[in-house]
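Visitor: predicted coordinates and the sequence they were generated for:
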Amino acid sequence: MDNVNEKIISQRIQNITESATLEMTRRSRELKAQGFDVINLSIGEPDFNTPEPVKEAAKEAIDNNITHYPPVAGFRELQEAIAKKLKRDNNLDFSPEQIVVSNGAKQSLANIFLSILDPDDEVIVTAPYWVSYADIIKLAGGKVVALPTSIEDDFKLNPRNLEAAITPKTKAFLFNSPSNPTGMVYSKEEMAGLAAVLKKYPDILVVSDEIYEHINYSGKHVSIASFPEIKKQTVVVNGVSKCYAMTGWRIGYMAGPLFLAKACTRLQGQYTSGPGTISQMAALKAMKNPPQNSAYIHDMVSAFKTRRDLLVKMMDEIPGIKTYVPRGAFYLFPDISSYFGKSDGETVISNATDFSLYLLDKAHVALVTGEAFGDPDCVRISYATSSDLLEEAVKRIKTTLKKLN
Ligand code: PMP
Ligand code: GLU
């Protein structure tokens, strides 16, 4: 008999991969620990610090002994603040009971898909998509139906392609605007076109991931839930990670049909319980501050915009790279496929994964392969970092790519 070994790992876990964004961050941490000067443009998190009043609220929560088990779906006060936020910022009506607070939007998504999917149920996703979508859906036993889009069509899904992909097995449509990894933002008219299709299928759940809501350079955020014809079949996923620079606090939420909120609460109660009390009190403070009055959010978003312009300009100067100018979020997703088949005499670049590993190895710049996002021609660069580091990173990328012929 063998000792316990990796064969014990379930098929369920063997079927999913390590998150590519977190993997590249792990690899760059490892290289840094070995003394290499690595520029990490792989993780999508603001390089800003959590606002001071939010940190104060967390300290107060500790001093006031708000340290006992929280209600599973989150503190009532926080659910109410989220309901108010949804009305204030998005003109959406949700009652506090329709809201479940979780350990990040990532857990909200996992709760939703674990709550609705039976084996082989289909979820329509637009590719490129955020890395974790595919694995969360697989983990829940579902099937990802990825609809490819390209730089030429601004990475946007057209309503005809959406309708053509719907089958009797379609349980949900996963929508993400502003988008990770492309930075694409749908206009209100484009959303209306998709909503017109979805309203014909009221049994399909629309899962709208709006985590980049406030990081939008193209105007005010529009939630697809604000189309009354599909409001009842839509669940909004959002959180405090990105716009309040609170990635480590792990607070996200869903707001949707009551039956779904109840199912997610039941699951969460058996799985993790409610999220940390200190983090919830910090999120409560953040959420109460209307973003349009927040100098903090304004300054952060304008810094991202300046960096976007700088990065696009610098990348456009590198031969063979096609860029799409992002309208939101903080990622650039250039097409680098013209480098496929090139070599420095030793290493051949066959695909986007080779390309990103080559840059990590030779330039010590960490990007993420587009393959993880369902687009094998691109790589993702996070520009949530200082302009100086971005300039240095592009300089290194340019020098390294020159060696490929
Ligand atoms: N959705 C998208 C599109 C994301 O990029 C992220 C990245 N963090 C998440 C959801 C999850 O965010 P969090 O769990 O930090 O709230
Ligand atoms: N969402 C961020 C990203 O795409 C954070 C890392 C993660 O959770 O994937 O990089």
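Guide: Yes, it's here. Values in this document were obtained by computation on a predicted structure and should not be read as measured data. Residues are numbered from 1 along each chain as shown. Ligands and ions are numbered 1, 2, ... in the order given.
Visitor: got phi/psi on the residue nearest to E163 when sequence neighbours are not counted?
Guide: Distances taken as CB to CB, 6 or more residues apart in numbering place V197 nearest to E163, at 4.7 Å, with adjacent residues excluded. Every residue, glycine included, has its C-beta placed from N, CA and C. When read as degrees, to the nearest 10, the backbone of V197 gives phi -70, psi -50.
Visitor: how close does V197 get to I230?
Guide: V197 is 9 Å from I230, where distance means CB to CB, to the nearest Å.
Visitor: so what's the residue count around the closest residue to ligand 1 within the stretch 51-200 of the chain?
Guide: Nearest residue of the stretch 51-200 of the chain to ligand 1 (CB to the nearest ligand atom) works out as G104 at 2.6 Å. Neighbours of G104 under the rule other CB atoms under 10 Å: 22.
Visitor: do the same with E392
Guide: E392 has 14 neighbouring residues, counting by other CB under 10 Å.
Visitor: out of the helices and strands in the protein, which is least certain?
Guide: Taking mean pLDDT, DSSP states H and E as the measure, the chain has helix 20-33 as its least confident helix or strand, at a mean of 89.
Visitor: which strands and helices sit next to that one?
Guide: strand 39-40, helix 352-363, strand 365-366, strand 368-369 (3 or more CB pairs under 8 Å, 6 or more residues apart in numbering; DSSP states H and E).
Visitor: rerun at 7 Å
Guide: For helix 20-33, the elements it packs on are strand 365-366, strand 368-369, judged by 3 or more CB pairs under 7 Å, 6 or more residues apart in numbering; DSSP states H and E.
Visitor: straight-line length of stretch 210-225, end to end?
Guide: 10 Å (CA to CA, to the nearest Å).
Visitor: which single residue in the stretch 251-400 of the chain comes nearest to ligand 1?
Guide: Closest point on the stretch 251-400 of the chain to ligand 1, by CB to the nearest ligand atom, is G252, at 3.8 Å.
Visitor: just list whatever residues bridge to that residue.
Guide: Taking DSSP bridges as the rule, G252 bridges to S102, G239.
Visitor: ok, now how distant is it from N15?
Guide: 24 Å.
Visitor: could you do P168 as well?
Guide: P168 sits 24 Å away from N15, going by CB to CB.
Visitor: touching the helix or strand containing V145 from outside, list them.
Guide: Per DSSP states H and E: V145 is located in strand 143-148. Residues from elsewhere that reach strand 143-148, judged by CB atoms under 7 Å, 6 or more residues apart in numbering: 120-127, 129, 134, 137-138, 157, 161, 165, 374.
Visitor: among the residues you listed, the buried ones, what's the PyMOL command?
Guide: Applying 16 or more other CB atoms under 10 Å to those, the buried members can be selected in PyMOL as follows:
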select buried, resi 121+122+123+124+125+126+127+129+134+137+138+157+161+165+374
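Visitor: closest to ligand 2 out of the contacts of strand 143-148?
Guide: Closest to ligand 2, out of all of these and judged by CB to the nearest ligand atom, is Y129, at 10.7 Å.
Visitor: N91 touches S226, doesn't it?
Guide: Yes: here N91 reaches S226: they are 6.0 Å apart, a contact under CB atoms under 7 Å.
Visitor: which one of those two has more residues nearby?
Guide: For N91 and S226, the more surrounded residue by other CB under 10 Å is S226, and the numbers stand at 19 against 11.
Visitor: so that one is in contact with D89, correct?
Guide: No: with contact defined as CB under 7 Å, S226 does not reach D89; the gap is 10.7 Å.
Visitor: state the phi and psi torsions of I99.
Guide: Main-chain torsions, I99, degrees, to the nearest 10: phi -120, psi 130.
Visitor: is ligand 2 within reach of stretch 195-214?
Guide: No: shown here: stretch 195-214 not in contact with ligand 2 (CB under 6 Å from any ligand atom), separated by at least 7.7 Å.
Visitor: could you give me the buried positions within that stretch?
Guide: Buried residues in stretch 195-214 (16+ other CB under 10 Å): 195, 197-199, 201, 204-214.
Visitor: ok, stretch 349-356 next?
Guide: Neighbour counts over stretch 349-356 (16+ other CB under 10 Å) mark I349, N351, A352, T353, F355, S356 as buried.
Visitor: so is that stretch next to ligand 2?
Guide: No: residues of stretch 349-356 contacting ligand 2 under CB under 6 Å from any ligand atom: none, with a closest distance of 13.5 Å.
Visitor: please save the CA atoms from that stretch in CSV.
Guide: C-alpha atoms of stretch 349-356 as CSV (Å, rounded to 0.1, in the frame of the first residue of the first chain):
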residue,chain,number,x,y,z
ILE,A,349,8.1,31.4,-29.4
SER,A,350,5.2,29.2,-30.4
ASN,A,351,2.3,30.8,-28.5
ALA,A,352,1.2,33.4,-26.0
THR,A,353,2.3,31.3,-23.0
ASP,A,354,5.9,30.9,-24.5
PHE,A,355,5.8,34.7,-25.1
SER,A,356,5.0,35.6,-21.5
